[in-house]
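Asks: Next input, structure requested:
(4 chains)
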2 protein chains.
Amino acid sequence: MPETARISRIRSGRRTDIRQQNERLILDAAERVFAEAGFGGATMQLIADMAGLPKANLHYYFPTKEALYRRVVQNIFEIWLDAASSFDGAAGPVEGIGAYVEAKMNISRRHPHGSKVWAAEVMHGAPVIQDYLETTLRQWTEGRMAVIQRWIDEGKMAPIDPRHLLYMLWATTQHYADFGHQIETLNAGQPLSDAQWREATESVKQIILRGIGAI
Amino acid sequence: MPETARISRIRSGRRTDIRQQNERLILDAAERVFAEAGFGGATMQLIADMAGLPKANLHYYFPTKEALYRRVVQNIFEIWLDAASSFDGAAGPVEGIGAYVEAKMNISRRHPHGSKVWAAEVMHGAPVIQDYLETTLRQWTEGRMAVIQRWIDEGKMAPIDPRHLLYMLWATTQHYADFGHQIETLNAGQPLSDAQWREATESVKQIILRGIGAI
DNA sequence: TCGCATCCTGACCATATGGTCAATACGAAA
DNA sequence: TTTCGTATTGACCATATGGTCAGGATGCGA
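Replies: Residues are numbered from 1 along each chain as shown, chains lettered A, B, ... in the order given. Predicted coordinates:
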């Protein structure tokens, strides 16, 4: 591979990739800014600065602030739904819920900004993703509730209301992202270490699995 | 009591009470608007309209938008800390944590807006209440952690990390306020009924108390 | 009735911000 | 080299919003 080609690939990529590359740059910056300032508090100028692009360039790729925000929320939603796979094909709650907790905790650690944007969006009444809640999320929820109910019927766990179990799983795992700043403050101002993340994950898993009578 | 006096009392109250009355009116409206739109998305005009007062009047009672916001957050924090009393003087985890969960669930139901404002404030890095986190909240947390540790030492519950147990209590209970819209959507678009709130509270209590080996 | 402190508010202003646009640069294909 | 679609960007605009202020209303105590 010629050196110039490699550099070119890195700096600007093939002509066709420029769009994809800059959109990624902008989306990453936007995710962070929306998370830290909220939709109303975020400014296109700040996102542009953080992405290292002139503001007008943002409007070249995303027509409006709302369109950009929408894409950010959709990205998060997809990541969030992907953790579903951890749930499927599990023999029982220990395996399935255990894997789900681990997947969600990893997302909280790797995508804290996304989680916050999602939380804020829901808190504000889901003006942008209401349809997702009513279609995709509702279906997803009903599917997992059925799985949990099956486990209950098979005597693999105590007869817990599957709905509230799901809420508890979401709440506890996302808490480590959404309230990360509070947790960090209560941790002597330090971000959780690898070991502390493991402890947190184990604690959540332990309490819930024991709480539903699965272990 | 003369009719005019009664009406006067209702409409504007004693001269001295007007301030208190209007501040309450403004704070209630502000709490709602800040919760639904975020700090950046909230406008003084909208808060004024919701309070039924001209915008200039808001600035008579609260010098700036930030001062108003600060008061809203402080109010919430106090309500939130009051639930601490449920924890104290309990003989063991079943009583103490059970009462705490109930208190926090009631707050989630009665003050959903406040809970959201608090959540958003923390998500944005607690720009306004960072000192509270580092002083009051930290002390509160350490106090309860000691109580939990005592219960563990007395064999009243399994050796769970008290810190993560507290986080779980906060996460699960506040989830019903902060993500109330999502929960409502998944509940056929209906707010939770009295019975459903009881079920939710019981589910949370059951899973956690069982999860920590207290029952 | 008078004086005074408190309360009220329409009109106004400076600024910040989302968004537009015309001119320009770039680079791959012919 | 020329052409043409894509990408870039400084300058600009309309609007929304937080905040100010001067003048007026209100009502209590003397």
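Asks: Where does pLDDT dip in chain A?
Replies: For chain A, the stretches with pLDDT under 70 are A:1-16.
Asks: tell me the SS of A:R109?
Replies: Under the three-state scheme (DSSP: H, G, I helix; E, B strand; the rest coil), A:R109 adopts helix.
Asks: same thing with A:L53?
Replies: Put simply, A:L53 is coil when judged by three-state DSSP.
Asks: May I have the residues that are in contact with it?
Replies: If you count contacts by Cβ atoms under 8 Å, 6 or more residues apart in numbering or on different chains, A:L53 has them with A:22, A:25-26. Yep, even glycine has a C-beta here, placed from its N, CA and C like the rest.
Asks: and A:G38, what helix or strand is that in?
Replies: In this structure, A:G38 sits in helix A:17-41 according to DSSP states H and E.
Asks: now that helix against helix B:17-41, angle please.
Replies: Comparing the axes of helix A:17-41 and helix B:17-41 via axes from the mean of the first three to the mean of the last three Cα atoms, to 10 degrees yields an angle of 180 degrees.
Asks: Considering the contacts of A:L53, which possesses the most neighbours?
Replies: Using other Cβ atoms under 10 Å in any protein chain shown as the neighbour criterion, A:I26 leads the contacts of A:L53 with 25 neighbours.
Asks: Name the next helix or strand following whichever strand or helix holds A:Q139 along the chain.
Replies: Using DSSP H and E, A:Q139 falls within helix A:138-153. Next along the chain after helix A:138-153, taking DSSP H and E as the criterion, comes helix A:162-178.
Asks: counting contacts, what elements does the helix or strand following that next one pack onto?
Replies: Note on helix A:162-178: by DSSP H and E, the next helix or strand toward the C-terminus is helix A:180-185. Identification of packing neighbours for helix A:180-185 by 3 or more Cβ pairs under 8 Å, 6 or more residues apart in numbering or on different chains; DSSP states H and E yields helix B:112-123.
Asks: and the helix it packs on with helix A:162-178, angle?
Replies: Relative orientation of helix B:112-123 versus helix A:162-178 (the same axes, to 10 degrees): 40 degrees.
Asks: Can you list the buried residues in the helix holding A:Q139?
Replies: Neighbour counts over helix A:138-153 (16 or more other Cβ atoms under 10 Å in any protein chain shown) mark A:140-141, A:144-145, A:147-148, A:151-152 as buried.
Asks: Ok, stretch A:96-115 next?
Replies: A:96-105, A:107-109, A:111-115.
Asks: sorry, back to before: okay if I get the contacts of A:L53 as JSON lines plus distance to B:R32?
Replies: JSON lines is the format used below for the contacts of A:L53 (distance: Cβ to Cβ, whole Å):
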{"residue": "A:N22", "distance to B:R32": "39"}
{"residue": "A:L25", "distance to B:R32": "37"}
{"residue": "A:I26", "distance to B:R32": "33"}
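Asks: Please render those as TSV that adds distance to DNA strand D to the earlier fields.
Replies: Listed next are the contacts of A:L53 as TSV, based on distance: Cβ to the nearest atom of the strand, whole Å:
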residue	distance to DNA strand D
A:N22	5
A:L25	10
A:I26	10
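Asks: ok, now how distant is A:Q196 from DNA strand C?
Replies: According to Cβ to the nearest atom of the strand, to the nearest Å, A:Q196 and DNA strand C sit 36 Å apart.
Asks: related to what we said a few turns ago, hmm, the helix holding A:G38 in reach of chain B?
Replies: Yes. Helix A:17-41 lies within reach of chain B by Cβ under 8 Å from any Cβ of the partner chain, at A:35-41.
Asks: most neighbours, which of those?
Replies: Among the residues of helix A:17-41 next to chain B, A:A35 has the most neighbours (other Cβ under 10 Å), with 26 neighbours.
Asks: For chain A, give the residue positioned nearest to DNA strand D.
Replies: Relative to DNA strand D, the nearest point of chain A is A:A56 (2.9 Å; Cβ to the nearest atom of the strand).
Asks: Any idea how far the helix or strand harbouring that residue is from the middle of the chain?
Replies: For A:A56, the element it lies in under DSSP H and E is helix A:55-61. From the chain centre to the centre of helix A:55-61 is a distance of 26 Å (Cα atoms, centre = their mean, to the nearest Å).
Asks: same for that helix, what does it pack against?
Replies: Counting by 3+ Cβ pairs under 8 Å, 6+ apart, helix A:55-61 packs on helix A:17-41, helix A:44-51.
Asks: Tell me which of those helices lies nearest to B:D17.
Replies: B:D17 lies closest to helix A:17-41 among these, at 34.0 Å (Cβ to Cβ).
Asks: who does that closest one touch, helix- and strand-wise?
Replies: Secondary-structure packing of helix A:17-41 (3+ Cβ pairs under 8 Å, 6+ apart): helix A:44-51, helix A:55-61, helix A:65-82, helix A:112-123, helix B:17-41.
Asks: contacting residues for A:E184?
Replies: So A:E184 contacts A:190-192 (Cβ under 8 Å, 6+ apart).
Asks: no wait, A:M168
Replies: The contact partners of A:M168, by Cβ under 8 Å, 6+ apart, come to A:208, B:172, B:175, B:203-204, B:207.
Asks: what about A:A67, neighbour count?
Replies: The burial count assigned to A:A67 is 12, neighbours taken as other Cβ under 10 Å.
Asks: just A:R19 next, same as before
Replies: 12.
Asks: ok, back up a step: distance to B:D82 added to the helices and strands packed on helix A:55-61, as JSON lines?
Replies: Shown next, in JSON lines, are these (distance: least, Cβ to Cβ, whole Å):
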{"stretch": "helix A:17-41", "distance to B:D82": "27"}
{"stretch": "helix A:44-51", "distance to B:D82": "37"}
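Asks: of all the ones you listed, which lies closest to B:I18?
Replies: Of all the helices and strands packed on helix A:55-61, helix A:17-41 comes closest under Cβ to Cβ, at 31.5 Å.
Asks: List the contacts of the closest one.
Replies: Counting by Cβ under 8 Å, 6+ apart, A:12-13, A:42-43, A:46-48, A:50-53, A:57-58, A:61-62, A:65, A:68-69, A:71-72, A:75-76, A:112-114, A:116-117, A:120, A:124, B:37-42, B:120, B:123-125 sit against helix A:17-41.
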